[in-house]
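Participant: quick check, what structure comes out for this input:
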Amino acid sequence: MAKPSARFDFEQATQVTKQLVNQMPPWLRLSFIRSWVFWAIMTLGISGGLVYLALGLLLNPKAVPNCPEIFVPMSSPSLRVYCGQLAASKQNLKDLVAALNLVKDIAPNDPTRSYIDSNVQRWSLSILRLAEASYQEGNYDEAVNAAKQVPSNVPAYKIVSRRLGQWQETWNKGVALDRETRALLNSSKWVNAYSVAVKLTRLNNRYWATTKYQELADLVQVAKADSSKLDEARQLVKVTSVASLLKAVEIANKVDPKSFAHTEAQTLIGNASVQMLTLARAKFDKNDWNGALEIANKTPSATQTKTELQDLIGLSQAQINAKTGTISELETAISLIQGIKPESSLYQKAQQSSGLWQLEIQDLAALQHARSVASTATVADLQLAINEVKGIPTSNPRGKEAASVASEWSKQIETVQDAPYMQAADTLAADNTVKGVQKAIVQLNQIRPGRALYPQARQKIQQWTAEIQRAEDTPILAQAESLATSGDLRAAITMAQKIGAGRAISAQSQERVSDWQAQLQASANLANAQRVAGNGTPESLRSAIQSAARVPKSSNLRSQARLSMDNWGSQMLEIAQSTATSDLSRAISIAQSIPANTSAYSSAQSYIQQWQQQLNPTPTPTESPATEDNGLLN
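Facilitator: Prediction:
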């Protein structure tokens, strides 16, 4: 506690005394009262009393006044100064401001004014020191508010005012540098961000130069390190496959949300999300609803894709539900896409699908009722069911199904109507007579083309017609076989040709006719060969061999043709041998024309070699005869 000053100011006491005298009533203005000696004695007495009171308070703590409970307007200036000193001694902002508030209303002409002003000056500077400390710790608003508690009428206020300006200028620079650094961090410009952050160390504020600088420097390092981790993710995003995109998202999600690289990571996730949504949409456009849903469910929800992703998931699930084709699932599908807004890229598709599903629900209800009616299988009910489903247009989702069941029910009606014809035909054909079968065919012909039983009726008609034709044509073919066996092939052919094309055994008949015609041709060839060979010249004999070679292997004249060919080949060799005595060149030419399919061919080759050596003493390679008949008959 500060002690009151024991020094007495006589001049000030005299002035105070005169003021008090002038304010006194007339009866108090006695001569001795106006004497300075009297008031000097009184002043000394009062001062001594105050000193005595102060000493008494010091020596008797129980007599110290309770400053927190004093009523300021009724308190004496000395008590307020005392309590102010007591509060200010605690050297904290709250108590220093309280000390100033205790003495601020003391009159300017109070005898203790100079003593009060010196305390106010000291207390104001203490507030400024505390505010400076708070400012250096980064509590700018608190420091400013504290400094503004200094009264404007004290000398210290000029210092406070100047200091406030410096603080504001420095603080604004720090805020601007912090904002610029963070903006550069958001733009992934790590080097530039660090360069700006370093400028904080040059500010005259401990908070900005140390705490905030270190905070920003740490942010730069963390963001730079996190950005490096995203390099792999950037490469993976370039590969448009679901697996690589999901891996990129996994890497990006590991970036701390507090890191400035988190914005870059979120941008990368957004890009991956867009690409995955594109892949899912491609599946969807190919009607691969399950594939689209699988990719969409794995796609991260990014701001730019969130709405479309939700719409795609809803529409894909709706398509899967609708595919089951039940009324309840169709209604569920419609409810799934009701939330798709007009601005969505899938809105038109959703509206189109919803319209089709609503039509399908109506068609399904009609089909269910029609099937219920048709279950009795009577012609009348089947016809009613057909009439009901015919109201479903073919362009509707269930149009084809409606047409299919209508066709099925029509066939049921036709089966019921035409069954009597089938039964009557079977009864008539059961006696196995031509006449009975013909009558059965007449019954089946009552069934018109295009009706349900028509294919079955045609099959039976063809079967029974074939049986009739066999019964009619078998004797003819047997007679033709008999004629052929007797050697009259021409008559056999004529008889067999009476069986017309398309009849039951026409193929068999035609096969026998072809065989008999081949035999006639073989006979003609062999006869022609014998006639030509009669000329006896090498050329005619060769021509005869060629003609005989045309006799088929299946012909019974084949062996005769083979003997004739060997005989004619031998005759050609004999002619060549006889010619060799006079004309070797001619003999060689004749021998070379002997066909390879004759028995004389090998001997002819030996003679050709001998004769060529005789013509040409120098050995020359024997030319292989090239004949037109090689391979004609082996």
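Participant: now do residue 241 against residue 310, distance only.
Facilitator: Distance from residue 241 to residue 310, counting by CB to CB, to the nearest Å: 23 Å. Bear in mind the C-beta positions are built from the backbone N, C-alpha and C, glycine included.
Participant: okay, these two: which has more neighbours?
Facilitator: Between residue 241 and residue 310, counting by other CB atoms under 10 Å, residue 310 is the more crowded of the two (16 against 12).
Participant: next SSE after the helix or strand hosting residue 404?
Facilitator: Per DSSP states H and E: residue 404 is located in helix 399-429. Next along the chain after helix 399-429, taking DSSP H and E as the criterion, comes helix 434-444.
Participant: contacts for that next one?
Facilitator: For helix 434-444, contacts defined as CB atoms under 8 Å, 6 or more residues apart in numbering pick out 421-422, 424-430, 457-458, 460-461, 464-465, 467-468, 471.
Participant: in it, which residues are buried?
Facilitator: Neighbour-count burial for helix 434-444 flags 436-437, 439-441, 443-444 (criterion: 16 or more other CB atoms under 10 Å).
Participant: centre of the chain to the helix holding residue 404, how far?
Facilitator: 50 Å (CA atoms, centre = their mean, to the nearest Å).
Participant: same deal with stretch 179-198?
Facilitator: For stretch 179-198 - counting by CA atoms, centre = their mean - the centre lies 37 Å from the chain centre.
Participant: what about residue 335, distance to residue 460?
Facilitator: 56 Å.
Participant: those two: who's more crowded?
Facilitator: Taking other CB under 10 Å, residue 335 and residue 460 do not tie; residue 460 has more neighbours (20 against 13).
Participant: show me what contacts the closest residue to residue 146 other than its chain neighbours?
Facilitator: For residue 146, ignoring the flanking residues on the chain, the nearest one in space by CB to CB, 6 or more residues apart in numbering is residue 131 at 4.0 Å. By CB under 8 Å, 6+ apart, the contact list for residue 131 reads 93, 142-144, 146-147, 163.
Participant: need these in JSON lines (columns: distance to residue 268).
Facilitator: Listed next are those as JSON lines, based on distance: CB to CB, whole Å:
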{"residue": "93", "distance to residue 268": "50"}
{"residue": "142", "distance to residue 268": "42"}
{"residue": "143", "distance to residue 268": "43"}
{"residue": "144", "distance to residue 268": "43"}
{"residue": "146", "distance to residue 268": "47"}
{"residue": "147", "distance to residue 268": "48"}
{"residue": "163", "distance to residue 268": "48"}
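Participant: and the buried ones among the residues you listed, selectable in ChimeraX?
Facilitator: In ChimeraX syntax, the buried subset of these is picked out as below (16+ other CB under 10 Å):
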select :93,143,144,146,147,163
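Participant: ok, so of the contacts of residue 131, who is nearest residue 550?
Facilitator: Each of the contacts of residue 131 was scored against residue 550 by CB to CB, and residue 142 proved nearest at 129.0 Å.
Participant: got phi/psi on the closest one?
Facilitator: phi -60, psi -40 (degrees, to the nearest 10).
Participant: what is the host helix or strand of residue 613 packed up against?
Facilitator: Under the criterion of DSSP H and E, residue 613 resides in helix 601-615. Applying 3 or more CB pairs under 8 Å, 6 or more residues apart in numbering; DSSP states H and E, one finds that helix 601-615 makes contact with helix 558-580, helix 584-592.
Participant: tell me which of those helices sits nearest to residue 198.
Facilitator: Using CB to CB, the helices and strands packed on helix 601-615 put helix 584-592 closest to residue 198, at 112.9 Å.
Participant: by how many degrees do that closest one and helix 601-615 diverge?
Facilitator: Going by axes from the mean of the first three to the mean of the last three CA atoms, to 10 degrees, helix 584-592 is angled at 160 degrees with respect to helix 601-615.
Participant: tell me the mean pLDDT for helix 584-592?
Facilitator: The pLDDT scores in helix 584-592 average 88.
Participant: list the buried residues in it.
Facilitator: Applying 16+ other CB under 10 Å to helix 584-592 flags 584, 587-588, 590-592 as buried.
Participant: what is the nearest of these to residue 317?
Facilitator: Distances from residue 317 to these, taken by CB to CB, are shortest for residue 592, at 90.1 Å.
Participant: okay then, goodbye and thanks.
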